[in-house]
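Participant: what's the 3D shape of this:
(chains A, B, C and D)
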Amino acid sequence: MDFKLSKSQKEIQKAAWEFARGEFDKEQIIEISKKQEFPKNILKKAGELGFIGIHYPESVDGGGMGLFEYVLLAETFCRKDSTLGTALMFSAYATECVLRFGDKDLKEKFLPPVVDGQLISTGAFTEAGQGYDITQIHTTAAKENDQWVINGKKTLVPFGSMADFYVVLCKTDPAADPPAKGMSLILVEPDRAGVSAGDISEKLGGRLVPFAEITFKNVHVPQSNLIGKEGNGYAQTQQFLTENRIQIAGFAIGIAQGAFDRALDYVKQREQFGKKLAQFQVTRHKLADMASKIEAARYLTYYTAWCFDNKKIDSQLASMAKMTAAKAAMEVTDEAVQLLGGYGYMTEYEVEHFYRDAKHAEIFQGTPAIQKDIIADIIIGKLK
Amino acid sequence: MDFKLSKSQKEIQKAAWEFARGEFDKEQIIEISKKQEFPKNILKKAGELGFIGIHYPESVDGGGMGLFEYVLLAETFCRKDSTLGTALMFSAYATECVLRFGDKDLKEKFLPPVVDGQLISTGAFTEAGQGYDITQIHTTAAKENDQWVINGKKTLVPFGSMADFYVVLCKTDPAADPPAKGMSLILVEPDRAGVSAGDISEKLGGRLVPFAEITFKNVHVPQSNLIGKEGNGYAQTQQFLTENRIQIAGFAIGIAQGAFDRALDYVKQREQFGKKLAQFQVTRHKLADMASKIEAARYLTYYTAWCFDNKKIDSQLASMAKMTAAKAAMEVTDEAVQLLGGYGYMTEYEVEHFYRDAKHAEIFQGTPAIQKDIIADIIIGKLK
Amino acid sequence: MEILQYTDAHKEFRQAVKKFLENEITPHVEEWEKNHIVPKEAWQKMGKAGYLCTWVPEKYGGMGGDFLYSVIIAEEMARTNHSGLATLLHSDIIVPYIASFGTEEQKKKYLPGCVSGDIITAVAMTEPDAGSDLAGMTATAEIDGDEIIINGSKTFISNGINADLVIVAAKNPAEENPYQAVSLYIVEDGTPGFKRGRQLDKMGFYSQDTAELFFSNCRIPKENILGEPGMGFMMLMEKLQQERLMCAIGGQAAAELMLEWTIDFCKTNTDAAGKPISKQQANQFAIVEMATEIKMCRAFIDKLIAEHAAGENVVVETSMAKYWITDLDKRIADRCLDLFGDFGLTEDCPLARAMRDLRVLSIFAGTNEVMKGIAAKFMGL
Amino acid sequence: MEILQYTDAHKEFRQAVKKFLENEITPHVEEWEKNHIVPKEAWQKMGKAGYLCTWVPEKYGGMGGDFLYSVIIAEEMARTNHSGLATLLHSDIIVPYIASFGTEEQKKKYLPGCVSGDIITAVAMTEPDAGSDLAGMTATAEIDGDEIIINGSKTFISNGINADLVIVAAKNPAEENPYQAVSLYIVEDGTPGFKRGRQLDKMGFYSQDTAELFFSNCRIPKENILGEPGMGFMMLMEKLQQERLMCAIGGQAAAELMLEWTIDFCKTNTDAAGKPISKQQANQFAIVEMATEIKMCRAFIDKLIAEHAAGENVVVETSMAKYWITDLDKRIADRCLDLFGDFGLTEDCPLARAMRDLRVLSIFAGTNEVMKGIAAKFMGL
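Facilitator: Predicted structure coming up:
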């Protein structure tokens, strides 16, 4: 094993940190988060500098690197700011489906503008009341001449009403048994007739990635909008979820690290009872615990991303990394809020939104219980 | 980063596993553990096959590899059996002081027989009532002609009465200020006049590494038994502790993995209430949690060992790895006992001694509180 | 077996409070949360209904109720899932200063208004550079003839915007011993030199008007000193006990409410196979584990309420209850949110607000670390 | 305020028990632990002192004491830090089967010996392939004229070696419904076909004689059936309640004892600078945190004891108490050991034994997972 970051990896980290330092403005982030207003201008700059789609091939304007580098970036951005970092790195949400499974035409059309930060993409997988069993969806896509006709309703769609295209999980063969074999991914543009988006409530965390409910009513799209093979939608979605969980693990590490940084700064400055907070043994032990949790989550996440890049696409590991990193983030951000005391609760001291964003990372794409179901399936395998 | 094990690393793992499968006998281990009777014959075989001193240079019969490979070995042995694994990998305890700091003569004389599994070594650092502040020791070594005359008493010395030599931390300049600058490490053979060892009570865990109290009463050793430089004893001991904590992290991962293996086997076989235990959601979630904790601790430990081998001797990381891995081991072995129910409490089902050995790993070389003190010192640094 | 002996009168009172809150308060909560303030009329409504400062003797306009009436209101208010109408703070934490330490004149002047809701109170202790450490206080109060001049700034003041009367802790600069320098002063709304700063944006407690207060040569008459000069610390220490206990009582009720919502959600929502998610073993265990800790806390806090009401010395137990229950609230909010799944990501889920709101309980009224320090001290460690 | 109302008689009784144990029991514990057995004489000594089965009515030789006497003995026994003299199991778990379900003849025959310590009892439920799942039981009891023939093997039987009387659960092979097939039988020591297997080596409980029992065409007279035929399950379910409660009571006392030792150690041991380690903030917090949970549990268990003694339905609360307190024991043992530092690595540290011994509490009397399942069921989840 060799834990040394390559020269280009170090450069990516450094460039990302400098970008975030230059572009991420605390006051502005607080302001736009309140309004759930995504900063398209910053996304464009990030796209221009190559931070979006770093794990996409150069042929579609991507960085030609892997998920490992995506994780380094996500970690760095979220460390600087959890909410904006999450939003920027989510801006190409689900475009991985086009990248990994789409045909040449789809890739050429949709990937470059996403990678350049001009378009926001999203995935519409979830339906109300379906829990995490996505075989239970009701959205259908029927073939009609050379078109797909889509009907159904998706909920909790990230960026919902502002996304420039949706990757929609549909039933294309409602009679398939098991149902998982009758599902496909279809790309839908929001300006197609019959698409409507309704914003849903504010979010607990991740407030720059607002949710919407998307309704498809006799929406016609050309057959060429099918992503990958017909009937492969379930497997493709599962693989995307695996990839996305590793990405979220990267967010979580950054969120934890950012909250840790702020707490450390604070306790080194703040005096109480005639001593610096950092001189109290209990404060010291908290910091030690926080730092240890971050390091353990970090190397598990790096390992998991490395495996993905090396063709070991392992949903067990992805769930472990996501669960472990999000848990670390929750514990570290909670302790950061506590260490800052009353200030920790105040918006302007930032750690409060790191805390909420950590919870967002922990629930989004599956609560710990869901991750454990996935992990256990693979650990236990088939019983005799 | 590259997480792939090299070919030789894989071979080491495989050879160690095969050795353990062939030589570690469950019944025998339970029997000798009760009597705290170290199996010298197995140690000899391990030495002959190159498992002892794998991180020592080939010039002294070592394996010419690093601490990373030591950790792989420790993990493998402890996975097969926590008590024997711990004991074998501890058999060269503190010989690292001779390796890292000793002169050519000392190395040539003492290292080869240890590496070959013919001698058991140990370190005598701890004194009663000194806590973890080893600057507070009372054992002295005074120069007299060309000899050191040692007086004092050490406690909780691993392998105490059966060790073939001791690395003893002494005050060689009692007037030094700070006291840390007046300490030295001296090698003492047990057959010197004035050395006496008294076994102390049975242990909670690690029962094949019995403790003793060692008394030095006007013990004369030649000046050449000084290890490293006079006055450097404190710093040398600290570096050794760092190295040893990484080793213990390796034990802990193996202990956790071994208990996990047994629990997984058990729940896949055992039926209760008409179902396999492995089919109960709560069992499944427990396994998922256990596995995740092991993986996170494992990659942090690997990273820490890799840093050590790459000249980044970082006591903060070592404490993090030791604390994290031992905690994982405690949690995993505790859950393994629980999953085995009544059998988990019975000696013959093994996991009970994994549990006690996990606690041994957690306390030995510093409880979590001690590790946190160390970590915090470095994280916080000097306050303005 | 019940540890607390609620009478029929208590029980009827609880039912009346419950009904009042459901009809008069809960329907407005969403709006107050959005507006980041509760209108003063809501306070008056509470007062008119007889639900403010129930313990105030009849001669000052109260109902002279025992401590259990305060407990009932605190518990029922917690069920409104909002923090803005901070009656607990007003009724059981701040107004008691006036009743315990005020002169007869002060009591006559202020208590009836406190009961009716015409006077909303705040207490100003914390300063930007001194959180839980009261000795670090820097606000000053100097005597100038018949007047006292207050200077300094305070922060994190709950009811800061709405307050008609503020009890301010400040130091006499002439007194060297910081513990003997602090006195408490009553400052009324509108006093020249007393200004409210901005309302602070927070993680939660949206409807609660937490603000900074500034005193700049703020002159008050000498008779506005509250209690003995120099006894500020002692008074604060004495009253902090009940503050912490009330905080634990509210926290306990909140935990019970969150679990109630969650059990209800799990029983009425089904998984893809159509089975209520409360049938999943992992969810069942989570609920049982939470219910167990809540029940244990309930036994502990009920015993503590009885002891507090009987005037027993419960410093250690109060510190323990405050820290343990407010930590429990965090754990319950977190685990319950997970049971809600994706719905927990949105503010439509009541647990989202609960999580944000309750997070401050382990910080205010003395952080939980301060609680542990106090317990350790009084346990003789 | 005390939740449990101990009378002066109870208090004197506790003092007498305490003194007796200090003088007559504790001095032998090390030897028993080493020998992995308690001599039968020790049981007789306890009986002679009047400390076995205190609740047995006077007409059968007992003192007819209320449940609090049982609680007192359970708590004081826990303080001896050993498990071999398993009086709690005998007095409050097994012998009650005879008293509740036995015929007058059985009571007359056995109870006096149970009180005097001449009859040591065991209960044999668990089988190698059926742990907490009683329906999986395979031991059989067939009627053969005036006799019953028992076949099967039992494991994890506490008092297995010392027992003079074993209550055996076995199934009537003629009955298909597993829940109606189980009856309880009294098997005396020396009955042909009843053999004890080896004593099992365990993580802890060294002085306790846990053994396998084998029944091979073991014939007992028909009158040795205990209670109604086919009611074995019901009887076990009924008595398991008190078993679990006693387990929680013992666990609570153990937690209190461990913390007592630890506080004492921390106050009397100094760090390198000569300061008691109880002055270190992290240690103080650890102690306060443990003390808090112990006090909370104490309030909960005392309330539960009162309710159990009053015959209330406390299935849910008992399951909760059993799991939470025995888990607490693990946490306390673990954290306390850390406070002892290196000394905790050796068996000279009393916490080492406590850790090994207490680990079984979350497993026996129904694993803690089974407890949560029961609570979930009776909570209607």
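
Participant: excluding residues flanking it in the chain, which one is nearest C:Leu88?
Facilitator: Leaving out its chain neighbours, the residue that sits closest to C:Leu88 by C-beta to C-beta, 6 or more residues apart in numbering or on different chains is C:Ala74, at 4.9 Å. Bear in mind the C-beta positions are built from the backbone N, C-alpha and C, glycine included.

Participant: can you give me the strands for chain A?
Facilitator: A:121-124, A:140-144, A:147-158, A:165-171, A:183-188, A:195-199, A:211-222, A:226-227, A:271-272, A:275-276 (DSSP state E).

Participant: could you give me the buried positions within stretch C:180-196?
Facilitator: C:Gln180, C:Ala181, C:Val182, C:Ser183, C:Leu184, C:Tyr185, C:Ile186, C:Val187, C:Thr191, C:Phe194, C:Arg196 (16 or more other C-beta atoms under 10 Å in any protein chain shown).

Participant: any part of the longest helix seen in chain A near chain B?
Facilitator: If you go by DSSP state H, chain A has its longest helix at helix A:233-269. Yes - using C-beta under 8 Å from any C-beta of the partner chain, helix A:233-269 reaches chain B at A:Leu264, A:Val267, A:Lys268.

Participant: of these - the most surrounded one?
Facilitator: A:Val267 (24 neighbours; other C-beta atoms under 10 Å in any protein chain shown).

Participant: could you list the domains of the chain?
Facilitator: No chain was given, so I picked chain A. Following automatic domain parsing, chain A resolves into domains at A:7-115, A:121-231, A:235-380.

Participant: sorry, should have said chain C
Facilitator: Looking at automatic domain parsing, the domains of chain C come to C:8-118, C:123-228, C:234-378.

Participant: which of the domains of chain A sits most buried?
Facilitator: For those, the largest average neighbour count (mean count of other C-beta atoms under 10 Å in any protein chain shown) is found in domain A:235-380, namely a mean of 24.

Participant: so what's the closest residue to chain C within the stretch 201-350 of chain A closest to, chain neighbours aside?
Facilitator: Nearest residue of the stretch 201-350 of chain A to chain C: A:Thr347, at 3.7 Å (C-beta to the nearest C-beta). Nearest in space to A:Thr347, with sequence neighbours left out and distances taken as C-beta to C-beta, 6+ apart, is C:Asp201 at 3.7 Å.

Participant: quick one: the one you found and A:Glu350 touch, right?
Facilitator: No - C:Asp201 lies out of contact with A:Glu350 (C-beta atoms under 8 Å); the separation is 11.4 Å.

Participant: and the end-to-end length of stretch A:117-129?
Facilitator: Counting by C-alpha to C-alpha, to the nearest Å, you get 33 Å between the two ends of stretch A:117-129.

Participant: show me what contacts residue 292?
Facilitator: Using chain A here. B:Met320, B:Met323, B:Thr324, B:Ile375 (C-beta atoms under 8 Å, 6 or more residues apart in numbering or on different chains).

Participant: to clarify, I was referring to chain C.
Facilitator: The neighbourhood of C:Thr292, defined by C-beta under 8 Å, 6+ apart, consists of D:Met320, D:Tyr323, D:Trp324, D:Ala375.

Participant: what does the stretch 101-250 of chain C put close to chain A?
Facilitator: Contacts of the stretch 101-250 of chain C with chain A, taken as C-beta under 8 Å from any C-beta, map to C:126, C:129-133, C:135-136, C:155-156, C:200-204.

Participant: of the residues you listed, buried ones?
Facilitator: C:Thr126, C:Ala130, C:Gly131, C:Ser132, C:Asp133, C:Thr155, C:Phe156, C:Leu200, C:Lys202, C:Met203, C:Gly204.
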